[in-house]
Structures are given as structure tokens and as C-alpha cells.
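Undergrad: Sequence and predicted structure below; questions after.
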Amino acid sequence: MLKRLWFKLANTIIGGAILIAVFSILSRLLGLLRDRLLASHFGAGSLLDSYYAAFKLPDLIFNTLVFGALAVAFIPVFTKAWLDDKEKALKISNAVLNYLIAILLSFSIVMCFIAPQIMRLIVPGFNPEELALTVSLTRIIIFSIVFFGLSNVIGGVLNSFKKFFSFSLAPIFYNLGIIMGIILLFPIMGPKGLAWGVVLGSVMHFLVQLPEVIRNGWHYKWYWKLNSETKKIFKLMLPRTLGLAANQISHLVETIIASTLTVGSIAIFNLANNLQSFPISVFGISLAIAVFPIFSEALADNNLSKFVSTFSLHFRRVIFLIIPVSIFMLLLRAQIVRIILGADRFDWNATYHTAQTLGWYVISLFAQSLIPMITRSFYAMEDTKTPVIIGVISIAINITIALILGPIMGVEGLALAFSIASILNMIILLGTLRFRLGDLDDKKIIWSTLKISFNSIIAGTALYLTLRLVADLVNMQTFLGIFLQGTIAGIIGLIVYLAMSLITNCEEITIVKLWLVKFLKPIFSYKNNG
């Protein structure tokens, strides 16, 4: 019955969520390995500042034009067209792909020429040598957005087919490409090898998805006609594109401020952000991607009760997972940073500031993890404007607070500003959705949140006491000592949290148990029959 289990994983929404979550964990683990290699090889210094700054221009173009905007506009239109007329759907997808690649390639070429002028604005605090290195890295990394454009169209098709395997696998290959750049290309090519590793990763990100999408009936066509569906996709993308542009401007402002602070601030800001994004990707984004088709189907059928029950269930699942993780990460932030990044050239000063920055990020993990699902509720209604307007407001708040706190608190102030804006973003989004659709199973959500928060605080207290106890039993000056302290405390905290969830009859842990039984049953049935 293993085939049946695999079919559920690869072809159902819950299975898709599992696959995306599992591969997201693997990808993020590789990402942590990538960051450890970068930190240990180069430290929180000018080279890493230039490396991370070199992503800003490519990210500005790609994230604005493609990432997020394409998926939410493309999937509903393509899915409907595929069910009605497969040949028409192929033409739609290929027209989008062809125009997108033409636009991204044109932008990449133009930006290569004007990169010095733009980067001078993005990193005003860099000296001439740092600026020259950042420009040279940018000119290489910029071409990765072409392959990411290809990859995102293919990924959108796979999501429409409810095929999640290679889509989930793609980020792993991206990180492998970057790691190859650090280990293999840097010794040969110097800093430019790091940039070529990014391009290699983007190529692998695309190629790994291509066989599966072809097996499921998609193929390339040289097609450029803009029919009504294609125009609708670009029209739906526009509000989301404007919102993403505002978001990228926020990131640019953060980079501008960080470039004027102490050397290594950009590196510390990005490393801390990568650490805090781990649970968001695993618990927030993966679940939001998988549940989006259910939201779309429920609202398309005017089945509000199905939408509300699905929304409530997944909202509470995210809360059940992310609140204890937030408290654990806040208490273990120094151990996390030292274990993952603290090697060779990444000294204690860099560890301290990265841990403090991580701490300010962590206070908004719950909001950051819920935002992807709440925004997709609006996208399912084909409303891409409301999340954009709310997002722009929160971005303006982020920039304003960052400009105030940056000079006062340094890089930590940037993380605090981001967290305040994220929490406000989530609250306004949720309030707007509640106003539009009515009761979202409010009582159950509120009661579960209170219960989960109480259990998490008890578990966090147990974790903190264990940290203090173990610190007296191990050598805290060694990697092994810090690892043992963090691991033992984390395990105790997890055990207490699960026990408290059972004692308080937390519904979400029952859901998890039933969920596991449902998917593990075929394995045990197979063994018994064997």
C-alpha cells in the first residue's frame, strides 16, 4: 500500500502540505548549512555585506514582477481553462511564459549597464572597493531571475495539477547550487564564484520541475497571442505587483540604513532573517500554498461554511505550531545562532548581535506565519487589491519605524520595526476578512489561541529552567556544551508542551494524531498483509 500512500502525498492537498513542509524543512536545513558555510568562511564582514547587497536589485525585479504575483493570478485562471479546454490552457501558460521571460531578460540586460548607479543608491555607506564588488556580483546574479521566471510558470502549472513533488524539491536544488558555489566555485573564481553559484541554483530550480510537468501533459509552444484569459492574469497580477514593489522598497530602505551602520550589519540582518524564516516556510507558507486551492474551490462554489471551517482549522494548526516555536526560539536564540553560525570567522560579537536581532524578529513569527494564509483568502475571492493596500500601509509603518530605530538601536532596530509592522499587517488583514465574510469561527479560534499560549508559556518556563540547570553541568565554552544545553532544554520544552496539550484537551493535537494515523495506516496495512 506504499503506492497509495505516495499517491496521497503527491496528489492531495493534505499530502501536498506534507510534501511541501518536508521538503521545505530539507531546503531550509540546506539553507542553514549554506549560511554556516558563508559565516564560517567570511564572517560578518564586508564580503558578506556585498554578497547580500548584490541580491537586492535582482530581488527587486523578480519579486516585484513574478514571485507571489504570478502564482495567485495564474493558478485560478489556468486551472479553470485546463478543465474546459487543455489546448487553450497550454496557449495561456506559454503566452505568459514567453512574455515573462522576454521582460525579465530585457530587465537583466539593462540593469547590467546601470548597476553601478543603482547600487550606489542602495548601499550609500559602502566604500569604493565594497561598491565595486557589489556591482560585479549583482551583474552575475541578475540573470538568475530569468530561470526563476521559467521555474515559477512551471511551478504554477504543477500547483494547478495538484502535483507537489518536484515543486517542493526545487528549493533544495537552489540551495545546493549556492553551496556548490561556496565550496567549488569560490576557490577557483573568488567572490564571483558565489554569484555563479546562485545562477547555477536557479537553473537547477527550473530543470528539476520540467520532467514532471511534461509527464502531466504540459509542453512548450512558441505562442504570443494575448487572449482574454492571458490579459486577465496580467490584470490580476498588477495590484499584487504594486504591493510587492512596495515590499521591495521596504527591503531596500532597510539595506540603505544597514549600509550606514557598522561593518557586517547587512550580513547580520540577513542571517538573522534567514534563521527566523525557517519556521515561517515550514508552518506558514507551505500550508498556505497547499490550502489555497481549497479556498478557491469553496468560494467559487459559494460554499462559505466550507471556507470558514477550512480557514479556522488551518489557522489553529498554524497557531498550535508557531506559538511554542516562537517562545522556544526566543529563549534559545543565542544557542541557535552559536550552533548554526558560530564557527571560524564568525566571532562572539557577531553571534551576540545576530542573536539579539533574531530575538526581535521572533516576536512576530505568529503574524508572519498567518499572513500567507490570510492573504490567500482574499486571492481566492480574486481580490488582489485589499492585501496590497494593507501591505503598503504596513510597509510604510515599517520604513518609518526603521528610520527612527535604526540609528538608535542599530541593526536590531530594523528587526523590531519589521516585527511591529508585520503584527499590524496581520491584525488589519484578519479584521478586514472578518468584516467582509462575518464569523470566522471566532470563538473556537480565540479559545484555542488562549489555550495554546498558556501551554506554550508553561513549556517555555520548563525550557528556561532546564537551560539554567544544564549550564552548570556542561562546559559552556565549547560547541558540544552549548549544543547539549540547547538540545536538552528544547526536548524538555517540547515534551512539556505536548503533555500540556493533552492535559488541556487541546483539539489541535487530536487533529495531528488523526492526520498521522490517516497517512500511516496504509504502511501498517501493507506490513500486515505482507
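TA: All right, it came through fine.

Undergrad: my guess is Gly460 contacts Leu331, does it?
TA: Yes. Using C-beta atoms under 8 Å, Gly460 is in contact with Leu331, at 6.0 Å. In short, each C-beta sits where N, CA and C put it, glycine included.

Undergrad: who touches both of those two?
TA: Gly493 (C-beta atoms under 8 Å, 6 or more residues apart in numbering).

Undergrad: which residue ranges form the helices in the stretch 151-300 of the chain?
TA: Secondary structure of the stretch 151-300 of the chain (DSSP state H, counting those that start in this stretch): helices at 165-180, 186-189, 191-207, 210-215, 228-259, 265-279, 286-300.

Undergrad: roughly how far out does the shortest one sit from the chain middle?
TA: Meaning helix 186-189. Chain-centre distance of helix 186-189: 29 Å, with C-alpha atoms, centre = their mean, to the nearest Å.

Undergrad: list the buried ones in that helix?
TA: Buried residues in helix 186-189, counted by 16 or more other C-beta atoms under 10 Å: Phe186.

Undergrad: outside of it, which residues touch it?
TA: Outside helix 186-189, the residues touching it (C-beta under 8 Å, 6+ apart) are 41, 193-194, 196-197.

Undergrad: What's the mean pLDDT across stretch 271-288?
TA: Mean per-residue pLDDT for stretch 271-288: 82.

Undergrad: Can I get it in PDB, CA atoms only?
TA: Taking only C-alpha atoms (Å, rounded to 0.1, in the frame of the first residue of the first chain), the coordinates of stretch 271-288 have been written out as PDB:
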ATOM      1  CA  LEU A 271      21.500  35.900   8.600                       C
ATOM      2  CA  ALA A 272      19.000  36.600  11.400                       C
ATOM      3  CA  ASN A 273      16.200  36.900   8.900                       C
ATOM      4  CA  ASN A 274      17.100  33.600   7.300                       C
ATOM      5  CA  LEU A 275      17.000  31.900  10.800                       C
ATOM      6  CA  GLN A 276      13.600  33.300  11.600                       C
ATOM      7  CA  SER A 277      12.200  32.400   8.200                       C
ATOM      8  CA  PHE A 278      12.700  28.700   8.800                       C
ATOM      9  CA  PRO A 279       9.500  28.100  10.800                       C
ATOM     10  CA  ILE A 280       7.600  30.500   8.600                       C
ATOM     11  CA  SER A 281       8.400  28.500   5.500                       C
ATOM     12  CA  VAL A 282       7.700  25.200   7.200                       C
ATOM     13  CA  PHE A 283       4.500  26.000   9.000                       C
ATOM     14  CA  GLY A 284       3.100  29.100   7.300                       C
ATOM     15  CA  ILE A 285       3.900  29.300   3.600                       C
ATOM     16  CA  SER A 286       3.800  25.500   2.900                       C
ATOM     17  CA  LEU A 287       0.300  25.200   4.500                       C
ATOM     18  CA  ALA A 288      -0.900  28.400   2.700                       C
END
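
Undergrad: so how far is it off the chain centroid?
TA: Distance, centroid of stretch 271-288 to centroid of chain: 5 Å (C-alpha atoms, centre = their mean).

Undergrad: what comes up buried for stretch 258-278?
TA: Those would be 258-259, 261, 263-278, for stretch 258-278 by 16+ other C-beta under 10 Å.

Undergrad: scratch that, stretch 169-183 is what I was asking about
TA: Residues of stretch 169-183 classed as buried by neighbour count (16+ other C-beta under 10 Å): 169-182.

Undergrad: so Ile142 sits right up against Val110, yeah?
TA: No. Using C-beta under 8 Å, Ile142 is not in contact with Val110; the gap is 9.7 Å.

Undergrad: of those two, who's got more company?
TA: Ile142 (26 against 12; other C-beta atoms under 10 Å).

Undergrad: Identify the residues contacting that one.
TA: Here Ile142 is in contact with 57-58, 61, 108, 111-112, 115 (criterion: C-beta under 8 Å, 6+ apart).

Undergrad: run the last query once more with 7 Å
TA: Residues counted as contacts of Ile142 (C-beta atoms under 7 Å, 6 or more residues apart in numbering) are 57-58, 108, 111-112.

Undergrad: Buried ones among those?
TA: 57-58, 108, 111.

Undergrad: Next, give me the two most distant ones among those.
TA: Distances among the buried ones among the contacts of Ile142 were taken as C-beta to C-beta; the most separated pair is Leu57 and Ser108, at 9.9 Å.

Undergrad: give me phi/psi at Ile142?
TA: phi -60, psi -30 (degrees, to the nearest 10).

Undergrad: so how far is Phe206 from it?
TA: As judged by C-beta to C-beta, to the nearest Å, Ile142 and Phe206 stand 16 Å apart.

Undergrad: And Tyr464, by the same measure?
TA: Tyr464 is 45 Å from Phe206, by C-beta to C-beta.

Undergrad: Among the two, which residue is more densely surrounded?
TA: Phe206 (21 against 16).

Undergrad: Skipping adjacent residues, who's closest to the residue sitting nearest the centre point of the chain in space?
TA: Closest to where the C-alpha atoms of the chain average out (C-alpha atoms, centre = their mean) is Ser281, at 4.3 Å. Sequence neighbours aside, Ser24 is the residue nearest to Ser281 in space, at 4.8 Å (criterion: C-beta to C-beta, 6 or more residues apart in numbering).

Undergrad: what's around that neighbour, how many residues?
TA: For Ser24, using other C-beta under 10 Å, the count is 23.

Undergrad: That one and Ser286 touch, don't they?
TA: Yes. Using C-beta atoms under 7 Å, Ser24 is in contact with Ser286, at 5.0 Å.

Undergrad: by contact count, what packs against the longest helix along the chain?
TA: In the chain, taking DSSP state H as the definition, the longest helix is helix 86-122. With contacts defined as 3 or more C-beta pairs under 7 Å, 6 or more residues apart in numbering; DSSP states H and E, the packing partners of helix 86-122 are helix 56-65, helix 69-84, helix 128-141, helix 144-160, helix 228-259.

Undergrad: Apply 10 Å and report the result again.
TA: helix 46-53, helix 56-65, helix 69-84, helix 128-141, helix 144-160, helix 228-259 (3 or more C-beta pairs under 10 Å, 6 or more residues apart in numbering; DSSP states H and E).

Undergrad: got the residue ranges for the helices in the stretch 351-500 of the chain?
TA: Counting by DSSP H, counting those that start in this stretch, the stretch 351-500 of the chain has helices at residues 365-380, 385-409, 411-437, 442-471, 479-503.

Undergrad: tell me what the first one is packed against?
TA: Think helix 365-380. Applying 3+ C-beta pairs under 10 Å, 6+ apart, one finds that helix 365-380 contacts helix 69-84, helix 228-259, helix 265-279, helix 286-300, helix 304-331, helix 385-409, helix 411-437, helix 442-471.

Undergrad: how distant is that helix from the center of its chain?
TA: Between the centre of helix 365-380 and the centre of its chain there are 12 Å (C-alpha atoms, centre = their mean).

Undergrad: Alright, I will stop here.
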